[in-house]
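> pasting a predicted model and its sequence here:
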Amino acid sequence: MATPARLAHTVALLLLAATAAAAMRSEADALLAWKATLTDASALSNWTKPAGLCSWFGVSCDAAGRVESLTLRGLGIAGTLDALDAAVFPALNKLDLNGNNFVGAIPASLSRLRSLAELDLGSNGFDGAIPPQLGDLSNLDLRLYNNNLADGIPHQLTRLPRIVHFDLGSNFLNMTDYGKFSPMPTVTFMSLYLNYLGGSFPEFILNSGNITYLDLSQNIFSGPISEHSSRIRESLPEDLPNLRYLNLSYNSFSGRIPASLSKLGKLQGLRISSNNLTGGIPEFLGSMSQLRVLELDNNQLGGPIPPVLGRLHMLQRLDIKNAGLVFTIPSELGDLAEITFLDLSMNQLTGALPLAFAGMRKMWEFGIASNFLNGEIPGVLFTSWPELINFQAQNNSFTGKIPRELGMATRLNFLYLFSNNLTGTIPAELGELVNLFELDFSVNRLTGPIPNSIGNLTKLTRLALFFNGLTGVIPPEIGSMTALQVLDVSANRLEGELPAAITSLRNLNYLALFNNNFSGTVPPDLGKGLTLTDASFANNSFSGELPQSLCDGLALQNFTANQNNFTGRLPPCLKNCTDLYWVRLEGNHFTGDISDAFGVHRNLVYLDISGSQLTGKLSSDWTVPKPNNQSYQDRVNIFWKGREQTFQKAIELMTGMDLSNNLLTEDIPEELTYLQGLRFLNLSRNDLSGTIPESIGSLELLESLDLSWNELSGTIPPSISNLQALGMLNLSNNLLRGHIPTGNQLQTLVDPSIYCNNQGLCGFPLSTCLDEGAEDHEEHGDDVWLCYSVILGTVFGFWVWFGALFYLQPWRFSFLHFVDRLGMKIVDKMSHAKASRDR
């Protein structure tokens, strides 16, 4: 028989089990209700009641069956936390939703998770303010980085008594007053990077003595870091003795680098780049023996590189680019045996590269670009740096040959030697760099051929050899470089035909061949199936027809083929290249209808097709109303020879148009005057007719206007006097008439030839018009009566003379003799004039 005590114990166990089961049902119901509000939640497919709560994906339970951890990291789940009932999870100590697509505000109700020790909502889209109620959670570690959180940091968070990890980086937090903030003595990791936090160095951080990792980079903190004007110099070593990583980069700190930093004996990483620091590189940095990373770049420190930096034997990364450094590079840096990254670019360093740098045997990335270094590039560097992947020495004054030893650096990905004074040939050993992605030897004095071994560089995406003195042909092996996206061999002395293998470059999007001696035809399949953005054949001797598939990808932006001997049609795909902005095709012999090649060009800035035999007409049949009040349309349509052409967003972009020396007909459309960015317009030597558009004066930036050698008629629009920038005007050889308008700028154009061969024009700088000088209506009437009198007198005199000649025979013979002599003189003068014209 059960005793009362045993019965009571059994009842208690049953009640406890019933309570636990009810709690589990309540937690399961809460999670299912929250799941119902989520999208892209396929990872939660086993969240069903029959499966049992503790077996659900991402859910962990304690011994009592209560949820103690919810980890749904990096699953792409979308939704909010609004429907999550925090009150039913008394045992939850970890909530990790990092790397999803949650949005909305962080609910203050999360503060009801009384056991929560770790909250990680990083890398989501949460916005709004951080709820200050989170400061009530006594055991919390907080990770809210990489969201869209705004406003200030709640000072209540600094009172979390056991917090170790405090990460609010990469948000939109902003504040400058940290007076209410409390010390955070338990924090070891603090990151507030990439926000809008300002003011001076926060005092509460200096009182958080256990910090080992501190990142305040990419904010707007300011003020001098000075031993006499800021506590940071004195307090960093004293109050943060355990600091191993300090990042203050990309702020506005000013003054000198504090000498007290030398007392941070455990510091391994010091990043203070991109501030306003001055005063040179302090020598004490050479005594910070634990440093692995030292970044001082993008400050105006000035002065030399201290040789004592060579004592940092554990240093792996040294970045001092763009720091105003002068003098030579100390050879002592060659003692940095552990260094893998060195960047001294964008300074004013002089002298030669130290041979001692060969001692940096672990070098991966080396940059000395944009200095005043000279001498030869030591070949020993390439034999001593087997791990080298990036070598940048561009924009210096290096001389001599490209070292053949570079072929030993077979792991190289990037090799930049452009803008130096290098001479000699490109070494064939270059072909050993089979891992090379980008190669730039441009703007040097290299000569000789492009080596055939270049075809081995099958991973190369960019090849730039422009502005040298290279000769010979493009080797057919170039067809093996199938990863090539950029090929620029312009401004050399290359010759011959383009190899047919160039059409094998299926990733090519930039091709520059201008200013060489190339000849023959361009391979007809060039461009087929490609997305070329830039193609330049200018200033060569190419002939034949341009490849009709050159712009197959409709991505062409910059297209120049001027000054060649091209003939035939322009590629019809040009018409649909909507991003064209620069087109120069002058100096060729193209034929066909201009409207077959040009149409939708919303970004067009410059167009020159002069000197060909293109046909078509410019019509006034536009489909948009005239802009008013300087509010210009983004889209303009024009019909050229019955086909609609469209200019989108070009109204303020196009600066030049030259369609001269073609066979274009009919009127100049008024809508051309909508192109408010035009600085020059040349439609000369066509067969255009009609009148000059009345609104020509709206082109306020126009500097050059040439409409000569057409069949334009009517008067010159008075609005032309509004063109205050006009420095060149030619309206000659048309059928214009009437008064030449006057205006401040027009009065400076004094050459009468700009209006010549227009029979009906008068006014400055041509002859005075007949009605000029009339003072009033009465004087005008007197002139009319005078004309009538002259006419009557002429008629009367004619009949008097005619009668005398008819009746008086001596007078008649004398008059006829005079007329014969006058006729002979006229014929003689006309013969002389014709002979002069023929000469």
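Noted; the coordinates are in hand. Computed from a predicted model, the values in this text were never measured in an experiment.
> can you pull the pLDDT of P810?
We have a pLDDT of 49 for P810.
> same deal with L770?
For L770, the predicted pLDDT is 63.
> again, but for T10
48.
> again with the one 4 residues further on
Listed pLDDT for L14 reads 41.
> before we move on, what about F57?
The model's pLDDT for F57 equals 96.
> so L192 makes contact with I220?
No - in this structure L192 lies outside contact range of I220 using Cβ atoms under 8 Å: 11.8 Å. Heads up, the C-betas are built off the backbone N, CA and C, glycines and all.
> which of the two has more residues huddled nearby?
Taking neighbours as other Cβ atoms under 10 Å, L192 and I220 compare with L192 leading, 24 against 14.
> distance check, that one against F181.
12 Å (Cβ to Cβ, to the nearest Å).
> what do those two both touch?
Common neighbours of L192 and F181, counting by Cβ atoms under 8 Å, 6 or more residues apart in numbering, are I153.
> who touches stretch 327-338?
303-316, 318, 342, 344, 349-362, 368, 373.
> the residues you listed in strands, which ones?
If you go by DSSP state E, these have 318, 342, 350-351, 373 in strands.
> and L294, what element?
strand 293-295 (DSSP states H and E).
> which neighbouring elements make contact with that strand?
In this structure, strand 293-295 packs against strand 269-271, strand 317-319, with contacts taken as 3 or more Cβ pairs under 8 Å, 6 or more residues apart in numbering; DSSP states H and E.
> still on that earlier bit, what's the most distant pair in the ones in strands among the contacts of stretch 327-338?
Pairwise distances across the ones in strands among the contacts of stretch 327-338 peak at 19.2 Å for L318 and T350 (criterion: Cβ to Cβ).
> more neighbours: those two, which one.
More crowded of L318 and T350, by other Cβ under 10 Å: L318, with 22 against 15.
> surely that one and D343 touch.
Yes - contact criterion Cβ under 8 Å: L318 and D343 qualify, at 7.5 Å.
> can you get me a residue count around S704?
Residues near S704, counting by other Cβ under 10 Å, number 17.
> tell me the phi and psi of it?
Phi and psi for S704, reported as degrees, to the nearest 10, are phi -140, psi 130.
> next, the contact list for it, please.
S704 sits next to 679-682, 726-729 when contact means Cβ under 8 Å, 6+ apart.
> out of the residues you listed, which comes closest to I257?
Closest to I257, out of all of these and judged by Cβ to Cβ, is R679, at 49.9 Å.
> is it true that that closest one touches M654?
No - using Cβ under 8 Å, R679 is not in contact with M654; the gap is 9.2 Å.
> neighbour-wise, which of these two wins?
More neighbours surround M654 than the other of R679 and M654, with 23 against 15 (other Cβ under 10 Å).
> so where's this protein uncertain?
Residue ranges of the chain with pLDDT under 70: 1-25, 226-237, 600, 617-653, 770-839.
> just the helices in it please.
4-35, 203-206, 231-239, 380-384, 777-807, 809-838 (DSSP state H).
> which strands or helices does the second one pack on?
So the one you mean is helix 203-206. Secondary-structure packing of helix 203-206 (3+ Cβ pairs under 8 Å, 6+ apart): helix 231-239.
> so how far is L712 from the nearest residue to G690 once chain neighbours are set aside?
In space, and not counting its chain neighbours, G690 is closest to D667: 3.5 Å by Cβ to Cβ, 6 or more residues apart in numbering. Distance of D667 to L712, given as Cβ to Cβ: 9 Å.
> can you check H313 too?
In terms of Cβ to Cβ, H313 sits 81 Å off from L712.
> got the buried residues for stretch 669-687?
669-678, 680-686 (16 or more other Cβ atoms under 10 Å).
> sort out which of those residues are in strands and list them.
Reading strands off those with DSSP E, I get 680-682.
> surely N100 touches T80?
No - contact criterion Cβ under 8 Å: N100 and T80 do not qualify, at 11.2 Å.
> quick one, which of those two is more surrounded?
Taking other Cβ under 10 Å, N100 and T80 do not tie; N100 has more neighbours (23 against 17).
> that one and N507, how far apart?
On the measure of Cβ to Cβ, N100 and N507 end up 35 Å apart.
> just how off-centre is stretch 94-111 within its chain?
Going by Cα atoms, centre = their mean, to the nearest Å, the spacing between the C-alpha centre of stretch 94-111 and its chain's C-alpha centre is 37 Å.
> buried ones in it, by neighbour count?
By neighbour count with 16+ other Cβ under 10 Å, stretch 94-111 contains the buried residues 94-100, 102, 106-107, 110-111.
> taking these one by one, which sit in strands?
94-96, 102.
> closest one to P258 out of these, please.
Distances from P258 to those, taken by Cβ to Cβ, are shortest for D96, at 38.7 Å.
> so the closest one is in contact with S60, correct?
No - checked against Cβ under 8 Å, the pair D96 and S60 is beyond contact range at 10.8 Å.
> find residues that contact each of these two.
The contact sets of D96 and S60 overlap at 69-71 (Cβ under 8 Å, 6+ apart).
> quick one: which of the residues you listed has the most company?
Using other Cβ under 10 Å as the neighbour test, these are led by L70, with 19 neighbours.
> so it sits against L92, correct?
Yes - L70 lies in contact with L92 (Cβ under 8 Å); the separation is 6.5 Å.
> determine how far stretch 567-575 lies from the middle of the whole chain.
Its chain's C-alpha centre and that of stretch 567-575 lie 29 Å apart, by Cα atoms, centre = their mean.
> what about it, start to end distance?
This stretch, stretch 567-575, spans 18 Å end to end (Cα to Cα, to the nearest Å).
> one more: stretch 448-455?
17 Å.
> show me what it is in contact with.
424-432, 463, 465, 470-475, 477-481, 489, 494.
> which of the residues you listed count as buried?
426-427, 429-432, 463, 465, 470-471, 474-475, 477-481, 489, 494.
> and the end-to-end length of stretch 661-675?
End-to-end span of stretch 661-675 (Cα to Cα): 22 Å.
> and for stretch 248-257?
End-to-end distance of stretch 248-257 (Cα to Cα): 12 Å.
> and what of stretch 449-460?
Length of stretch 449-460, first residue to last, Cα to Cα: 19 Å.
> what are the ranges of the strands in the stretch 651-800 of the chain?
For the stretch 651-800 of the chain, the strands defined by DSSP state E, counting those that start in this stretch cover 656-658, 663-666, 680-682, 687-690, 704-706, 711-714, 728-730, 735-739, 760-762.
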